[in-house]
Every structure is written in structure tokens, then in C-alpha cells.
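>>> How does the following fold in three dimensions:
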Amino acid sequence: MNLDDLFSRLPDALNATNAAGVNATIQFNTSTPRYVTVKDGAAAVHEGTASDYTVAVTMADDDLVSMLSGQLDGMTAFMTGKLKIDGDLMFAQRIVTLFDASKLRD
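Next up, the predicted model:
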């Protein structure tokens with residue numbers, strides 16, 4: 001799976017239970033920057049850079065795909081420098097729980 005595939009699947013992979021009450025913008029700084037808004041139990045993907053975000057995630061494309069599909073542990077990625085976070089660190093830890101990793105695998 002490539003980055004375009006991942007982002008096209010994200011809205012359908014949202015875990016409504018874990019996203020209940022969440023109103024956030026997640027900026028993904030990859031080769032093609034995109035941001036995801038999570039609000040009212042729905043997720044929407046937008047191209048570009050958000051003017052304001054809850055958290056920004058900076059990663060290589062393949063590493064982001066691996067992390068969100070459950071193949072790369074976020075803490076390991078952070079500790080090894082593959083993942084850089086700006087913004088709400090506590091919310092950043094919840095990102096992987098907002099999406100069903102099984103729906104983000106080939």
C-alpha cells in the first residue's frame with residue numbers, strides 16, 4: 001500500500017467509538033502534506049497544510065503507512081527518530097487508536 005491508498009482509506013477506517021467526542025486536526029508532513037480532520041465521529045482528508053492543527057506528525061511515507069497499518073510501533077518510531085511530533089503529545093499517542101489498522105492493510 002502506498003500513501004495515497006492509506007489516505008483514501010482513512011475515513012472508512014475511523015473507529016467511531018474511539019473517535020467519540022474528538023474534535024481535532026492531524027497534520028501529516030510526508031512527501032505530500034495532508035491533514036485529517038476528525039469531528040462528529042467522521043474523518044475527512046485534505047491536501048496541503050492546515051492553518052491550525054492539534055498535532056503534526058512528520059514521517060517518511062513508508063513509515064507512516066507501516067505505523068497506521070499496525071506494523072510499526074509508534075513509540076519505537078518516535079524513539080528511533082522515524083517519527084517527529086509537534087503539538088499535543090498526549091493526543092498524538094491516541095492517533096493509532098482512532099483508526100482500525102486492519103482496514104489499512106492490503
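>>> The closest residue to Ala50 other than its chain neighbours in helix, strand or coil?
Closest residue in space to Ala50, ignoring its immediate chain neighbours: Tyr35 at 4.1 Å, by C-beta to C-beta, 6 or more residues apart in numbering. To be clear about C-beta, it is placed using only N, CA and C from the backbone, and glycine gets the same treatment. Assigned with DSSP: H, G, I helix; E, B strand; the rest coil, Tyr35 falls in the strand class.
>>> any idea how far Val96 is from Tyr35?
Separation of Tyr35 from Val96 (C-beta to C-beta, to the nearest Å): 17 Å.
>>> do the same with Gly81
Counting by C-beta to C-beta, the gap from Gly81 to Val96 is 18 Å.
>>> which one of those two has more residues nearby?
Per other C-beta atoms under 10 Å, whichever of Gly81 and Val96 has more neighbours is Val96, with 17 against 7.
>>> dump the residue contacts of that one.
Met67, Leu68, Gly70, Gly74 (C-beta atoms under 8 Å, 6 or more residues apart in numbering).
>>> ok, and for the helix or strand harbouring it, which residues are buried?
Element membership of Val96, judged by DSSP states H and E, is helix 95-98. Counting neighbours by 16 or more other C-beta atoms under 10 Å, one finds that the buried residues in helix 95-98 are Ile95, Val96, Leu98.
>>> Help me confirm that Thr17 is found in a strand?
No: Thr17 sits outside any strand when classified using three-state DSSP, being helix.
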